[in-house]
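Asker: coordinates only, sequence not included:
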C-alpha cells in the first residue's frame, strides 16, 4: 500500500470515527504531547460548546495533516485515553492498531520517539496509574450527603492547572506535562471542568504568560470570570519550582524566575475576592519544592492566617525538596491519581490525602531520597467527590 492509499484509508477511518470519540482534556493533551495537535488547535477545539461539532472539528484538523506522521500517534493517543476499543471496532477485521507499513517506515525515518519515551524510562518510581475511578454507591451518597459539602452537579466546578515548565536560571521541569495529563484525566472522571494554563517556550502559539505577574493576573481572572455561582467546588494545581524565602515565606516561581508567595495565592480565593465560593470548598495542590533539604529534620511551620473552607496539599514537608521523574512525572501527582481513582467513591478529601501521604514513601524504591507529603485543612465539612453521582 503506497502513501496515497494510506491517506485514503486514514481519511476513511476519520470519517467513521466522527461522533464516536469522546473529546476530553486527557485525549487533547495526549494528541498535543505527540505533536498531532498544536496548542492553538487545542484551544480552537475547546472553545466549541457542542460536543458533536467539537468532535468534527478535531477530526477535520487531523485529517489535513500528513498521514505518515499522524496515524500512529493518533491511534496511540486513543489507546492511552482508553478509547482504543473504538478504533478496533471500526477497523476490524482488516486493520489493527499498528501503523500501516508505508507509514511505519517513514515514521521511523523521521526518527520519532515520542510515544516510546512516554512509556520507557527508569524502572524506579514506576507504577500503574489507576483509571477510571471507582464509582460511589447510591446508598453511600444518601447516607453522607447531608453532612458533607454539596457535590452532585453534572459539573462540580473547575480545576485550574498553572503548569510552569521552564523557569529562568533553573532546570527545566521535564515530566510536568505527564502530571497534568494524568491529573486532568482523573478530575474529568470526577466531573470537573478543566482549564489549562501553561507556558512552554517550544510551543509557538496559545501560550499563557506565566511570569510571576502573569500568574497573579491569571488567578485574578479566574476568581473574577471563571468561578460561577453554580460551581460547588474549586481546585487549583500549581506545578513549578518552589522554595522558602526568609522575607516571603513559601513561594512558587514564574517563568521569569520571580517568586509568588503562597499567601498571595490564597488571597485571590478568599470570600471577599471570590464571593461565588462563599461556603464552598477550595483545594490547592502544589507540585513544587518547599526548600532544598533532603532527608533532614525540619520544623513543621504553619501560617497563622485562618481561611475557612480552604485546604492546601503539599508534596513534601516544609523546607524539603520533592522528586519528579523526567519520564513518568512526579511521585506526588501519580500517587494522587492512584489513590483518588481507587478511593474517591467513599473517602473524603482529607482521608484521601492521608492515604496519599501514607503511600507516598512506598513509591520511593531506592535508598537515596525519601519524600513525605503534608496538607493543611480548614474545611468545615467532609468533602466527598461522590464519583458517578450527577443530579
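Answerer: Perfect, thanks for sending it. What you see is a predicted model; the values in this text were computed from it and never measured.

Asker: State the mean pLDDT of the helix or strand harbouring residue 313.
Answerer: Element membership for residue 313, per DSSP states H and E: strand 310-314. Averaged over strand 310-314, pLDDT sits at 96.

Asker: who does that strand touch, helix- and strand-wise?
Answerer: Packing partners of strand 310-314 (3 or more Cβ pairs under 8 Å, 6 or more residues apart in numbering; DSSP states H and E): helix 262-267, strand 282-287, helix 349-359, strand 374-377. For glycine as for every other residue, the C-beta is placed from the backbone atoms N, C-alpha and C.

Asker: out of those, nearest to residue 388?
Answerer: Taking Cβ to Cβ, helix 349-359 is the member of the helices and strands packed on strand 310-314 nearest to residue 388, at 16.1 Å.

Asker: For burial, what's the neighbour tally of residue 213?
Answerer: 13 (other Cβ atoms under 10 Å).

Asker: Check residue 40 too.
Answerer: 13.

Asker: ok but it is inside a helix, no?
Answerer: Yes - judged by DSSP: H, G, I helix; E, B strand; the rest coil, residue 40 forms part of a helix.

Asker: just checking, next helix/strand downstream of the worst-scoring helix or strand of the chain on mean pLDDT?
Answerer: Within the chain, no helix or strand scores below helix 114-119, which has a mean of 25 by mean pLDDT, DSSP states H and E. Using DSSP H and E, the helix or strand that follows helix 114-119 in sequence is helix 138-144.

Asker: ok, and what's touching that next one?
Answerer: 152, 345, 346, 382, 384, 386, 389 (Cβ atoms under 8 Å, 6 or more residues apart in numbering).

Asker: 10 Å instead, please
Answerer: Counting by Cβ atoms under 10 Å, 6 or more residues apart in numbering, helix 138-144 makes contact with 136-137, 148, 151-152, 345-346, 348, 382, 384, 386-389, 391, all of which sit outside it.

Asker: Quick check: closest non-adjacent residue to residue 230.
Answerer: residue 153 (6.8 Å; Cβ to Cβ, 6 or more residues apart in numbering).

Asker: tell me, how many neighbours does that neighbour end up with?
Answerer: The burial count for residue 153: 15, using other Cβ under 10 Å.

Asker: looking at this, it is in a helix?
Answerer: No - assignment of residue 153 by three-state DSSP gives coil, placing it outside any helix.

Asker: Name the strands paired with the strand holding residue 313 and say parallel or antiparallel.
Answerer: strand 282-287 (parallel), strand 374-377 (antiparallel) (DSSP bridges).

Asker: May I see the buried residues of the shortest one?
Answerer: In this case it means strand 374-377. Counting neighbours by 16 or more other Cβ atoms under 10 Å, one finds that the buried residues in strand 374-377 are 374, 375, 377.

Asker: Specify which member of the residues you listed is nearest to residue 33.
Answerer: The closest of the buried residues of strand 374-377, once distances to residue 33 are taken by Cβ to Cβ, is residue 375, at 29.2 Å.

Asker: these two touch, right, the closest one and residue 311?
Answerer: Yes - contact criterion Cβ atoms under 10 Å: residue 375 and residue 311 qualify, at 6.4 Å.

Asker: what's the overlap in contacts for the two?
Answerer: Shared contacts of residue 375 and residue 311, counting by Cβ under 10 Å, 6+ apart, come down to 283, 284, 285, 349, 350, 353.

Asker: neighbours of the second one, just the number please.
Answerer: What it means is residue 284. Residue 284: 21 neighbours (other Cβ under 10 Å).

Asker: Also the fourth one?
Answerer: Other residues near residue 349 come to 23 when the count uses other Cβ under 10 Å.

Asker: what about the closest residue to it other than its chain neighbours, distance to residue 240?
Answerer: Leaving aside its chain neighbours, residue 349 sits nearest to residue 383 (4.3 Å; criterion: Cβ to Cβ, 6+ apart). Distance from residue 383 to residue 240, counting by Cβ to Cβ, to the nearest Å: 25 Å.

Asker: and if you look at residue 291?
Answerer: On the measure of Cβ to Cβ, residue 291 and residue 240 end up 14 Å apart.

Asker: Neighbour count for the two, which is higher?
Answerer: Using other Cβ under 10 Å, the more surrounded residue of residue 291 and residue 240 is residue 240, with 26 against 19.

Asker: Contacts only, for that one.
Answerer: 162-167, 170, 173, 176, 210, 215, 251-255, 259-260, 286-289.

Asker: Out of those residues, list just those in helices.
Answerer: In helices, judged by DSSP state H, the following of the contacts of residue 240 are found: 176, 215.

Asker: low pLDDT regions in the stretch 101-250 of the chain?
Answerer: Scanning the stretch 101-250 of the chain for pLDDT under 70 picks out 101-131, 200-207.

Asker: My guess is the residue nearest to residue 230 contacts residue 190. True?
Answerer: No - the criterion here is Cβ under 10 Å, and residue 153 misses it with residue 190 at 11.6 Å.

Asker: quick one, strands of the chain?
Answerer: Residue ranges of the strands in the chain, as given by DSSP state E, are 157-164, 193-199, 233-239, 242-245, 249-253, 259-261, 282-287, 310-314, 324-325, 329-330, 374-377.
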